[in-house]
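Chemist: What follows is a predicted protein model with its sequence.
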Amino acid sequence: MTTSFLNIPLLFLQEIGIKELLLIALVVLLLFGGKKIPELMRGLGSGIREFKDAKDEPSKKGSNADATDAKS
């Protein structure tokens, strides 16, 4: 029986506890420093916001085009 890479569930994510999350947070803090983390989070937030706006944009353009067609 063959399994592809995409069919393998991410089982390691089910095993993460508080200790592991604290270790990951400590490593991130050591790598980037306390001053750089807020900048990274701001960049991540703006990236997510842009993605959501771009995702919703085609449907908004389609509804605007329908509204202009109805007026003419």
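Modeler: Arrived safely.
Chemist: ok, V28 - how many residues close by?
Modeler: By the criterion of other C-beta atoms under 10 Å, V28 has 13 neighbours. C-beta: built from backbone N, CA, C; applies to glycine.
Chemist: try the one 3 residues further on
Modeler: Here the neighbour count serves as a burial measure; for L31 (other C-beta under 10 Å) it reads 9.
Chemist: How about D53?
Modeler: As a burial measure, the neighbour count of D53 was computed by other C-beta under 10 Å and equals 10.
Chemist: Also E20?
Modeler: Residues lying near E20 (other C-beta under 10 Å) number 11.
Chemist: Same question for L22.
Modeler: L22: 10 neighbours (other C-beta under 10 Å).
Chemist: what's in contact with the helix or strand it falls within?
Modeler: In this assignment (DSSP states H and E), L22 forms part of helix 18-32. Identification of contacts with helix 18-32 by C-beta atoms under 8 Å, 6 or more residues apart in numbering yields 37, 40.
Chemist: Going by residue numbers, what spans are helices in this structure?
Modeler: When secondary structure is read from DSSP state H, the chain shows helices at 18-32, 36-71.
Chemist: Worst mean pLDDT among these?
Modeler: Ranked by mean pLDDT, the helices of the chain bottom out at helix 36-71, which scores a mean of 79.
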